[in-house]
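> need coordinates for the following:
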Amino acid sequence: MKRTLLALSIFLLTALLLSGCGTKSTVGTAQQSNSGHQATEIRIGTQVGPHYAPLFVVKEKKWLEDEFSKIGVTVKWVPFAAGPPMNEALAAGQLDLGFMGDSPAIIAKSAGQDNSIIAIASRAPQGLAVVLSKKSPLNTVQDLKGKKVGVVVGSYGHHLLALVLQKNGLSLSDVQVINLPHTDIPTALDKGDIDAGVIWEPLITQLQDKDAIRILADGTGLKKGEIVLVARNAFAETNPQLIDIFLKTYLRGYDFVKQNSQESASLITPDVKLDASQLARVMSKFDYNPVIQDDDITELKATTQFMKDNSLIKTPVDIDHFIDRSYEKQAGIL
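Below is the predicted model of the structure:
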C-alpha cells in the first residue's frame with residue numbers, strides 16, 4: 001500500500017512539474033511570436049485632408065512598401081470618407097491602422113472596440129473655426145444667442161462650438177444646433193438657412209480665398225483639433241515589429257514635411273485634392289509631430305467628458321488606458 005501511495009505521489013509530482021514546464025514553454029513561444037510579426041499584410045485607413053500630410057508623403061514616396069518588402073509584408077491603402085466607416089472596418093478586422101478625429105476614435109472605444117491610440121497625426125487650433133457668412137450682420141459670439149449654428153454633431157467642431165460659447169458666457173442650449181454634413185455648411189450659410197457654422201480645413205481656406213466667410217472664433221487657446229492614429233489591438237499586439245516600422249517611417253514623413261513644406265504640398269496634391277500653393281498655406285497651420293504629449297492627453301480627456309455630458313457616448317472612456325505610448329517608446333520616438 002505504501003509503495004502504491006509513493007508511486008502515485010511521484011507520478012503526480014512529475015505530472016505537475018511537466019505541466020509547469022509546458023506552461024513556461026507556451027509563454028516563451030508567445031513572447032517569441034510577439035517579438036516580430038505574424039501578418040503578411042498591413043492595412044492602413046486614410047481620409048482626404050491636409051491633416052494627414054506626413055502619411056501621404058510616405059505613401060507617395062512608397063517608403064512603407066520599401067521597408068515592409070524586406071520582411072515579406074505588403075501594404076494596402078484603404079480610403080474612407082470619414083471616421084465612422086473606418087471604425088466599422090477596424091471592428092470587423094478588415095483594417096489594422098486608422099487615422100481619424102478624436103471624436104470618432106472615442107465613440108468607437110466607448111462602444112467597446114478594442115483599439116488603442118498609438119500616435120498623434122496632427123494638431124491645428126487654427127484649422128477649425130466658427131464662421132459667419134461675409135454678409136452676416138452678426139459680429140460677436142454673444143450675437144449667436146438664439147441663432148442657428150450648423151455643425152457636424154459629434155465632431156471636434158461640435159466640441160469647439162461648446163467651448164467658444166462657454167468662453168463667452170453661453171452654452172449649447174443658448175443656440176439652435178443644426179446637424180449638417182461638413183460640406184453642406186457653406187451653402188446653408190450663403191442661403192441664410194443657418195446664421196453661423198463650424199468648419200475645418202481645407203474648407204476654411206477655400207472659403208476665405210473666395211471672400212465668402214468671416215472667422216468668428218477658432219480653436220486657439222481652446223481646442224487643438226487633434227487627429228489620432230488608432231491601432232487595432234489584436235493586430236498591434238501580435239505584430240509589434242510592423243508597428244515599429246510604421247511609426248519610424250511615419251516619423252520620416254513628418255521630418256520631410258517639416259523640412260520641405262512646398263515640395264510636400266506638390267507631392268501630395270493628388271491625395272488631398274487641393275491646389276499645391278493653397279495646400280502649402282493650409283499645411284502651415286498644422287503641427288504634425290506624432291509624439292503623444294501630456295497636453296494631448298488632457299485635451300482627449302476634455303473631449304471625452306464633453307461627449308459624455310452631451311450623451312454622445314454612453315460608456316465613459318478611460319483615456320489613460322486608451323492611449324498606449326509603449327509603441328512610440330519602442331520605436332524611439334517618445
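
> going by C-alpha atoms from here, please, whenever you check contacts or count neighbours.
Will do.

> that's a helix at residue 120, yeah?
No - Residue 120: not assigned to a helix; according to DSSP: H, G, I helix; E, B strand; the rest coil it is strand.

> for the stretch 201-334 of the chain, which segments count as helices?
203-209, 233-238, 240-259, 261-272, 276-283, 294-309, 319-322, 326-330 (DSSP state H, counting those that start in this stretch).

> residue 225 touches residue 124, doesn't it?
Yes - Residue 225 is within contact range of residue 124, at 5.4 Å (criterion: Cα atoms under 8 Å).

> who touches both of the two?
Here residue 225 and residue 124 share the contacting residues residue 219, scored by Cα atoms under 8 Å, 6 or more residues apart in numbering.

> looking at the two, which is more packed in?
Higher neighbour count among residue 225 and residue 124: residue 225, with 27 against 24, using other Cα atoms under 10 Å.

> what pLDDT does that one get?
pLDDT recorded at residue 225 is 95.

> please apply the same query to residue 9.
39.

> if I look at the residue sitting nearest the centre point of the chain, how far off is residue 123?
For the chain, the residue nearest the mean C-alpha position is residue 228 (2.3 Å; Cα atoms, centre = their mean). Taking Cα to Cα, to the nearest Å as the measure, residue 228 falls 9 Å from residue 123.

> what about the strands in the stretch 101-250 of the chain?
For the stretch 101-250 of the chain, the strands defined by DSSP state E, counting those that start in this stretch occupy 115-122, 128-133, 148-151, 176-179, 196-200, 213-218, 227-232.

> within the sheet, what are the partner strands of the third one, with directions?
In the sheet containing strand 148-151, its partner strands are strand 176-179 (parallel), strand 196-200 (parallel), by DSSP bridges.

> pull the distance from the shortest one to the chain's centre.
In terms of Cα atoms, centre = their mean, to the nearest Å, the centre of strand 176-179 is set 25 Å apart from its chain centre.

> low-confidence ranges in this structure?
1-35 (pLDDT under 70).

> hey, which of the strands paired with strand 148-151 is tucked in deepest?
Across the strands paired with strand 148-151, averaging neighbours per residue (mean count of other Cα atoms under 10 Å) puts strand 196-200 on top, at a mean of 27.

> and the angle for that strand with strand 213-218?
80 degrees (axes from the mean of the first three to the mean of the last three Cα atoms, to 10 degrees).

> one step back: what count of nearby residues applies to the spatially closest residue to the residue nearest to the centre of the chain that is not a sequence neighbour?
Among residues not flanking residue 228 along the chain, residue 120 sits closest, at 4.5 Å (Cα to Cα, 6 or more residues apart in numbering). Neighbours of residue 120 under the rule other Cα under 10 Å: 23.

> ok, residue 120 - contacts?
So residue 120 contacts 226, 227, 228, 229, 288, 289, 290, 291, 292 (Cα under 8 Å, 6+ apart).

> out of those residues, who's the most crowded?
Going by other Cα under 10 Å, residue 228 tops the contacts of residue 120 with 27 neighbours.

> isn't it right next to residue 97, touching?
No - look at residue 228 against residue 97 with Cα under 8 Å: they stay out of range, at 10.4 Å.

> circling back to that earlier point, now tabulate the helices of the stretch 201-334 of the chain in CSV and tack on distance to residue 80 and mean neighbour count.
Below are the helices of the stretch 201-334 of the chain laid out as CSV (distance: least, Cα to Cα, whole Å; neighbours: other Cα atoms under 10 Å):
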stretch, distance to residue 80, mean neighbour count
helix 203-209, 18, 16
helix 233-238, 20, 18
helix 240-259, 19, 19
helix 261-272, 12, 19
helix 276-283, 20, 19
helix 294-309, 23, 17
helix 319-322, 23, 14
helix 326-330, 25, 16
